[in-house]
Structures are given as structure tokens and as C-alpha cells.
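1. Quick one, what's the 3D model for this:
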Amino acid sequence: MLQSSRMSLQQTAESVEARIAAEPASARELGTDLLSIVSVLAGDVSLRKALADASNDAEGKRALVEGLFTGQVAAGAVAVVAEAAGRRWVRPQDFVTAVESAGVTAIAAAAQSESRLGRVEEELFRFARTVEAEHELGWALASPAPADSKRTLVADLLGSKAAEETVLLAQQAVAHPRGVRASEALGRYGEILAARQNRSVAEVTVAQPLSAAQQERLAGVLSRTYGRELQLNLIVDPDVVGGVRVQVGDEVVSGTIADRLADVRRRLAG
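-> Now for the predicted structure:
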């Protein structure tokens, strides 16, 4: 995402945070409404292009948003999207991503108010891992099947075992992935949830499960290394053979035997 879009994304994030702070009890409704607007934008290329086009008049775009969504969703969601449409976006996709992020932020705030934000974060991570591990499930969710069918599948899979917010976000990720795998969309949602708890996510891959004490020590070492609190998402993968692979954002640090062997093979081949 280029600089102008990043600035607009930040402004949209600040806008939704202000509304959450002003009306915390309405956070879930705000988030649900914003994600429903994302669903409309995801299915209408012309609409998202028109709303993200900097050459179009800001007031005209506001009127378009209000005309389409007033009466369909709460006024707060209409205002967030109208304000976002008036900002500068490099690509229509950036505009939709900003509205989606605002919706996820509001859902996260609702979960936080009920003291289950950490649970939602963990459940989303586990569901993403399941999607990646179960190939038939991944194919079903990536298929051109109707969005409602995918939502129903997620509801059947998670059912009453997961938090309400987990089901809602998982359904959104699989129904409208917009060019990325469902697991990637879920990972992006997880980052938003972690940020709300003032933490970053460290994806840690190991060959064997770690004990609670080992996880605590590793989290402490990584938090000191990166200068901020990190939430560990632990992945057990016997293929790494030994050692640990850590990914924080785009940065990957690996000390696994599998990676060392792969490096040796690359050098020999070169």
C-alpha cells in the first residue's frame, strides 16, 4: 500500500476509534454494519471504483454512500464510509481494505468490552491453521461457491464452540477474501486484534509442542528483542526437524535444521 493510501487508512482507523470511544455500546453494531458494506463493495467493481476515484467530487461520493446505505445500516457506519470515500486512495482495493479494517476494529472493541478479545484472537488463529491444513476445506472455501454457502459452512464448523465475534470474522474472511487466501485474511484480522491489545503477533513454528514455561520464556525473549509485547501463535510442524522459526510481520528469523539443510542445498546447487 503506497503512502497516500496508508495515510488514508490511518485516518479511517482514527475515525472509527473515535466513534467507538463515543459510543462503546454500539461497537458490535458498527463493526457488523461496516463489514456488511464491505460485502457490497466486494461484489460491485463499479461502485468501489467510483468511491475510491480521487477525480470524483468528495461531496458527490458522500451523497452516493448516503443514498445507498442510509436506512440499511446505522448512521455511524454510513458516516465512516462516507468520510473514507472522501480521502485519497491509490487503488479501490485500498479503500475497501480500510473499511474492512475499521469493521474488524469495531468487532474487536466489542469483544474486548466482554473480556474475550484474547479468546477471539486465538480462535481465529486456530481456524486459519485448520483451513491451511485441511486441503479439502481450503478448496471449498476458495471455490466460486456463493458467499452465503461459505458463511453457512463456517457456522457449521465453528458453531457454539467459538465466540460470536470469531464466527462473524471467520465468515467475513471466507465470504469476501478479495484475491487472498482465507487464512491470509484471517491473519490480517488477527493483527488488528493483537494491535488493539497493544501487542504484535509472533508466529512461531517448532517441531514439537512447547511447554507453558517454554512458551513464556520464548515470549519474554522475543518481546525484549523487538521492544514490545508479542502474542505467540504456536505452530507445530515436524517438517522443521528442530529449532525454531519466528515470523513477526514481514520479518522471518529461522534457526531450524530444515532451513539450514535447504540453505546448504541451495549453495551446492549454485
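2. lowest-confidence helix or strand of the protein?
-> Ranked by mean pLDDT, DSSP states H and E, the weakest helix or strand in the chain is helix 257-269, scoring a mean of 61.
3. which residues in this protein form helices?
-> 3-22, 27-42, 45-52, 58-69, 75-85, 92-113, 117-133, 135-142, 147-158, 164-175, 182-196, 212-226, 257-269 (DSSP state H).
4. Pull the contacting residues for residue 52.
-> Applying C-beta atoms under 8 Å, 6 or more residues apart in numbering, one finds that residue 52 lies in contact with 85, 89, 91, 92, 94, 95, 96. Placement of C-beta: from N, CA and C, glycine included.
5. for residue 95, same thing?
-> Residue 95 neighbours (C-beta under 8 Å, 6+ apart): 8, 41, 48, 51, 52, 84, 85, 89.
6. between those, which is closest to residue 110?
-> residue 84 (20.2 Å; C-beta to C-beta).
7. and that closest one, how far is that from residue 220?
-> 39 Å (C-beta to C-beta, to the nearest Å).
8. Looking at these two, which is more packed in?
-> Using other C-beta atoms under 10 Å as the criterion, residue 84 and residue 220 rank with residue 84 on top: 26 against 12.
9. Once you drop chain neighbours, what's closest to that one?
-> Nearest residue to residue 84, sequence neighbours excluded (C-beta to C-beta, 6 or more residues apart in numbering): residue 12, at 4.7 Å.
10. low-scoring stretches of the stretch 101-250 of the chain, by residue?
-> Applying pLDDT under 70 to the stretch 101-250 of the chain picks out residues 198-200, 228, 249-250.
11. Can you give me the domain boundaries for this structure?
-> In the assignment given by automatic domain parsing, the structural domains of the chain cover 1-113, 115-197, 200-269.
12. Distance check, residue 120 against residue 166.
-> Residue 120 sits 5 Å away from residue 166, taking C-beta to C-beta as the criterion.
13. right, I mislabeled it, should have said residue 138
-> 18 Å.
14. neighbour-wise, which of these two wins?
-> residue 166 (25 against 16).
15. The more buried one contacts residue 125, doesn't it?
-> No - with contact defined as C-beta atoms under 8 Å, residue 166 does not reach residue 125; the gap is 10.1 Å.
16. what about residue 214, how many neighbours?
-> 12.
17. Distance-wise, check it relative to residue 239.
-> Counting by C-beta to C-beta, the separation of residue 214 from residue 239 is 20 Å.
18. next one: residue 11
-> The gap separating residue 11 from residue 239 is 43 Å, by C-beta to C-beta.
19. Comparing these two, which residue is more hemmed in?
-> Set residue 11 next to residue 239 and count neighbours by other C-beta under 10 Å: residue 11 wins out with 15 against 8.
20. quick one, what contacts that one?
-> Residue 11 sits next to residue 87 when contact means C-beta under 8 Å, 6+ apart.
21. buried stuff in stretch 108-119?
-> Residues of stretch 108-119 classed as buried: 108, 109, 110, 111, 112, 116, 117 (neighbour count, 16 or more other C-beta atoms under 10 Å).
22. Put the alpha carbons of that stretch into CSV.
-> Output in CSV follows, covering the C-alpha atoms of stretch 108-119 (Å, rounded to 0.1, in the frame of the first residue of the first chain):
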residue,chain,number,x,y,z
ALA,A,108,-12.5,-6.3,18.3
ALA,A,109,-13.6,-3.5,20.6
ALA,A,110,-16.9,-5.3,21.2
ALA,A,111,-15.1,-8.5,22.1
GLN,A,112,-12.7,-6.5,24.4
SER,A,113,-15.6,-5.0,26.2
GLU,A,114,-16.8,-8.5,27.0
SER,A,115,-13.3,-9.6,28.1
ARG,A,116,-12.9,-12.2,25.3
LEU,A,117,-10.7,-10.5,22.8
GLY,A,118,-7.8,-12.9,23.5
ARG,A,119,-10.1,-15.8,23.0
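23. All good on my end, thank you.
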